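Undergrad: I'll drop the sequence and a predicted model, then ask my questions.
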Amino acid sequence: MPRYNPAAIEPKWQAFWDKHQTFTTEAMPQGEKMYVLDMFPYPSGDGLHVGHPEGYTATDIVCRAARMQGKSVVHPMGFDAFGLPAEEHAIKTGEHPRIQTEQNIDTFRRQLKMLGFSYDWSRELATTDVEYFRWTQWIFLQLFDTWFDDQQQKGRPIAELPIPVEVQTAGDDAVGEYQDDHRLAYQTKAPVNWCPALGTVLANEEVIDGKSERGDHPVVRMPLRQWMLRITAYASRLEADLESLDWSEGVKALQRNWIGRSTGAEVDFWIGARSEELGASFEEWKQQRENFPRKPDGDVLRVYTTRPDTLFGATYMVIAPEHPFVEQLTTADKAAAVKAYCEQAAAKSDMDRTELAKEKTGVFTGSYATNPVNGQPTPIWVADYVLISYGTGAIMAVPAHDERDFEFAKQFQIPIQAVVDPSETASDRDAVLAGEQVFTGLGAAVNSGEFDGLSTSEFKTKITEWLTENGLGKQAVNYKLRDWLFSRQRFWGEPFPVLHELDANGKPTGHVRAVPEDQLPVDLPHLEDFKPHGRPEPPLDKAPDDWLFQTIDGVRYKRETNTMPQWAGSCWYYLRFLDPKNSKALVDPEIEKAWMPIDLYVGGAEHAVLHLLYARFWHKVLYDRGVVSTAEPFQKLVNQGMILGSNNEKMSKSRGNVVNPDDVVKEYGADSLRLYEMFMGPLEQVKPWSMEGVNGVYNFLGRVWRMIVDDNAENFCLNPAVCDDEPTDEQNRVVHKTIKAVTDDIAKLSFNTAIARMMEFTNFFTKQDRRPRAAMESLVLLLSPFAPHIAEELWRSLGHEKSLAYEPWPKYDESLLKESEVEIPVQIKGKVRGKIRVPADADQATIEETARKDEKISEQLKLKAVVKVVVVPGRLVNFVTKEKD
RNA sequence: GGCCGAGUGGCGGAAUUGGCAGACGCUCUGGACUUAAAAUCCAGUGGGGGGUAACCCCCGUGCGGGUUCGAGUCCCGCCUCGGCUACCA
């Protein structure tokens, strides 16, 4: 009867684990703790993709091995279930998105269980659970209640925000406004990416080349009231703390890049004269300047530059079309042109800006500023290649040493003044100095007055000091990171726990109040239909009045009708897994302290920037507010590589190369799928699918089965070769070598090589007529994290009643690994010319002597003079020779 | 354009501090078993050359240099592919 039959074995053991609650973890760790987390999936209608089980199998192996090594392991799974597809389905069918979402979750759960992952299912959650998003809303209230203290670099309760006297005297409204201006969650009317086809605004990250990431619809910019999260306040800590994390340098680099820290200087250019004629007033202004003001006055244009050393080469300036000074700097004769240009820029979608990026555009305002270092009048232009959202929204342009400025200067025939001399050996030096070619590298200062001759870095320091002394500038740091646009005009998301005060006419007064904590959660209202109305107002505006309006203490309020983006739920799910049923807190502090941080977090590289940055940001706020005990949530992070189709292309329906895990399990079983995905190659690498490969590991499992079980027998019995002998020395060496290799490889997440070692074990013992039971048991235990179903079945066959899930992990004995004799290569001039056998612990002299005595070697050495001998004990011998004269 | 990653047989991949390149698997070929097939088992499988044979020699880790007794691994200069990002001053 008993051929290897996964279809019979696997459901049986899955039911067993379920029934015995094998993988349910205690609330508190019992010994050494280990928190291993997978990036939870979005339960799409297509069901599980073969990419999902890749990371999930990796973490499952780590968890199963860790349990056997006596660790207390928490390994949960849940669903990131808010999002557009369910809502789009609802729009099409009129069915509530919750129905579709729950069906999809059921499918995902069934498929995950089918693969035998050792999750603690009692901790399962979905971000769409009302009891879950109650706490998402609670965290939003913390963000709303927090301001960032720059001095302490820490988020603090808004009640502790120092209120300036002038604000205090202006009354309660002014104080409230001042507080609102400092909250980590704040509102702003900002140009946003409005996508008419989806009927929603999108975050910058969701717009690719001016089109929506989802659906590829055109996106236009328009101003709208939005909730923003002040992630920029944490930019410095988000960058600095990367250092402490056990992440790949690549992902750290991605995050650093996104945060985009740069250092340079802010410099004030005087605009008191406006014209090319300065008179004496510039010198006067310069004389009376003492300190560099925190906020620029109206008589200067402040710029940010990373190259203050090129100040002498600034031949013009540019302000962004949205810059507040545009109007006042525009002279009467240029007014029409400037107005037209700015209007055009405002109407441009991001797509237009991108497409026109090759060609610079801009207009002259007619005004001049004065270069603080040399008093040169410098024309001020308006151009959209300068962004209002970065730095000060204005730049000094140095065409000789900046590619964009060079391009612009060429186009508008603006003078180009070289101030950095590339090294004398540079081939294009003359062209650079003549202003015919741009040079952005480092060099020596020229045409820079008293600073001539200084190197770029020295000059930077010196000029920044000079600017500071004279109150004309100061060192400054900037980040590319922008505040996080946090609201969406969708139905299927978390409602904001926020009320807008209304006046007697039902118009918003601008006052906002938080929904009290004890009134959470704010559930979604019942809607008759889910269609967006194509206006930027959110679908929740159609909610019934009893949801939409509230009266508290005689004041009428309207609920916030935006919802949170999908990122919200995934920003903190790892905390809820630790204490999923807690109705008093998002997580019990003792439990949080015991399990955090996450020891291993595995997921796709597509989340290397946004999800991980957002989650780290929330975590830091919760840390500052005393909710969590660690500064960082994810101590170790690993990104699995994408699995491609067998044609080496990304799997997609349109390419027809999608592999469905259900089909693979039906044909080969879950153990083969798991084993294959781990055997394909290194976890982090991109690799193509191969069905022959699946068949290969399936054959391996069959060989393991037959090594232990007699599959010719009518009824179940062990293979007659399995015996109670003591293992021979050679057998012991194989067993212990395998234990060591597999144990080490699991620790390194090098699963493909661990499997190869177990194949070698099996190839060896299959050839042995007597197979000691102890050896067979060791292999079954080693194999169990990878292929748990067959392992449980074999374990039982070997006479054990209990599951092997908590059986102690096999130990290896170093002394049994050693061979008494080793074979080492003998090289002559680096080429292998023979092999010798020597005792494993032979010293250099013995090895050299043995090598010289070797027949073949001595033959060859006779003809040559030995110049040098290199002996690496246990490794090789190399005779360096030259021809005899 | 910028940043990151990767180039090793027909394919996926393996190779402590630099130390026998190609572990393990797939594919393919031959053989055993079988009436036959499937399944299984055994052997071979980087390229070229020499030998009846046991064996022996040469070349070989994207390309070109370098360091070293010795380089897939380290250094310099390129090429190709993949991912992310893109006017951030």
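TA: That came through, no problem.
Undergrad: what separation do you get for A:Lys154 and A:Asp624?
TA: Counting by CB to CB, to the nearest Å, the gap from A:Lys154 to A:Asp624 is 5 Å. Yep, even glycine has a C-beta here, placed from its N, CA and C like the rest.
Undergrad: between the two, which has more neighbouring residues?
TA: Neighbour totals were compared for A:Lys154 and A:Asp624, and A:Asp624 leads with 23 against 18 (other CB atoms under 10 Å).
Undergrad: ok, now which ones touch the closest residue in space to the more buried one that isn't next to it in sequence?
TA: Leaving out its chain neighbours, the residue that sits closest to A:Asp624 by CB to CB, 6 or more residues apart in numbering is A:Gly155, at 3.7 Å. Each residue near A:Gly155 by CB atoms under 8 Å, 6 or more residues apart in numbering is listed here: A:Thr146, A:Trp147, A:Phe148, A:Asp149, A:Leu184, A:Ala233, A:Lys620, A:Val621, A:Asp624, A:Arg625.
Undergrad: report how many residues lie close to the second one.
TA: The local packing count at A:Trp147 equals 22, with neighbours defined by other CB under 10 Å.
Undergrad: may I ask which helix or strand encompasses the residue nearest to A:Asp624?
TA: Using DSSP states H and E, A:Gly155 maps to strand A:154-157.
Undergrad: what residues of the next helix or strand after that strand count as buried?
TA: Reading on from strand A:154-157 to the C-terminus, the next helix or strand found by DSSP H and E is helix A:165-169. For helix A:165-169, the neighbour count (16 or more other CB atoms under 10 Å) marks A:Val167 as buried.
Undergrad: give the rounded mean pLDDT of helix A:165-169.
TA: Here helix A:165-169 scores 93 as its mean pLDDT.
Undergrad: identify the bridge partners of A:Gly604.
TA: A:Gln640 (DSSP bridges).
Undergrad: I'd say it and A:Asn639 touch.
TA: Yes - under the criterion of CB atoms under 8 Å, A:Gly604 makes contact with A:Asn639 at 6.5 Å.
Undergrad: so where is chain A shaky, pLDDT-wise?
TA: Scanning chain A for pLDDT under 70 picks out the ranges A:1, A:191, A:201-211, A:213-214, A:278-279, A:348-358, A:425-426, A:883-885.
Undergrad: hmm, back to that, for the strand holding A:Gly155, list the C-alpha coordinates in CSV.
TA: C-alpha atoms of strand A:154-157 as CSV (Å, rounded to 0.1, in the frame of the first residue of the first chain):
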residue,chain,number,x,y,z
LYS,A,154,10.6,64.0,20.3
GLY,A,155,6.8,63.9,19.8
ARG,A,156,5.0,65.3,22.8
PRO,A,157,1.3,65.8,23.9
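Undergrad: partner strands of it, parallel or antiparallel?
TA: Sheet partners assigned to strand A:154-157 using DSSP bridges are listed as strand A:146-149 (antiparallel).
Undergrad: quick one: residues in contact with the strand it pairs with.
TA: Here strand A:146-149 has contacts from A:154-158, A:160-161, A:179, A:182-184, A:230, A:233-234, A:621, A:624-625, using CB under 8 Å, 6+ apart.
Undergrad: middle-most residue in chain A, spatially?
TA: A:Ala608 (1.9 Å; CA atoms, centre = their mean).
Undergrad: that residue and A:Glu249, how far apart?
TA: Relative to A:Glu249, and taking CB to CB, A:Ala608 is found at 12 Å.
Undergrad: strands of the stretch 601-750 of chain A, start to end?
TA: Counting by DSSP state E, counting those that start in this stretch, one finds strands in the stretch 601-750 of chain A at the ranges A:637-640, A:643-644, A:687-688, A:722-723.
Undergrad: for the top strand by length along chain A, which positions count as buried?
TA: When chain A is scanned for its longest strand (criterion: DSSP state E), the result is strand A:262-274. Going by neighbour count (16+ other CB under 10 Å), the buried part of strand A:262-274 is A:Gly264, A:Ala265, A:Glu266, A:Val267, A:Asp268, A:Phe269, A:Trp270, A:Ile271, A:Gly272, A:Ala273, A:Arg274.
Undergrad: the residues you listed into TSV, with extra columns for distance to RNA strand B?
TA: Listed next are the buried residues of strand A:262-274 as TSV, based on distance: CB to the nearest atom of the strand, whole Å:
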residue	distance to RNA strand B
A:Gly264	5
A:Ala265	9
A:Glu266	10
A:Val267	10
A:Asp268	15
A:Phe269	13
A:Trp270	19
A:Ile271	18
A:Gly272	23
A:Ala273	24
A:Arg274	22
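Undergrad: return the closest of the residues you listed with respect to A:Asp541.
TA: Comparing the buried residues of strand A:262-274 against A:Asp541 with CB to CB picks out A:Glu266 as the nearest, at 42.7 Å.
Undergrad: show the contacting residues for that closest one.
TA: By CB under 8 Å, 6+ apart, A:Glu266 lies in contact with A:Phe292, A:Arg302, A:Val303, A:Tyr304, A:Thr392, A:Gly473, A:Lys474, A:Ala476.
Undergrad: again, only this time at 6 Å
TA: A:Glu266 sits next to A:Arg302, A:Tyr304, A:Gly473, A:Lys474, A:Ala476 when contact means CB atoms under 6 Å, 6 or more residues apart in numbering.
Undergrad: can you report how many residues lie near the third one?
TA: The number of residues packed near A:Gly473 is 28, by other CB under 10 Å.
Undergrad: you'd agree A:Val438 is up against A:Phe406?
TA: Yes - in this structure, A:Val438 is within contact of A:Phe406 by CB atoms under 6 Å, at 3.9 Å.
Undergrad: so A:Ser423, which of the three states?
TA: The three-state assignment at A:Ser423 reads coil, by DSSP: H, G, I helix; E, B strand; the rest coil.
Undergrad: which residue, neighbours along the chain excluded, lies closest to it?
TA: The shortest distance from A:Ser423 to any non-neighbouring residue, by CB to CB, 6+ apart, is to A:Gly443 (6.4 Å).
Undergrad: these two touch, right, the one you found and A:Ala418?
TA: No - in this structure A:Gly443 lies outside contact range of A:Ala418 using CB under 6 Å: 9.6 Å.
Undergrad: of these two, which one has the most company?
TA: A side-by-side neighbour count of A:Gly443 and A:Ala418, using other CB under 10 Å, places A:Ala418 first with 26 against 21.
Undergrad: sweet, I'm off.
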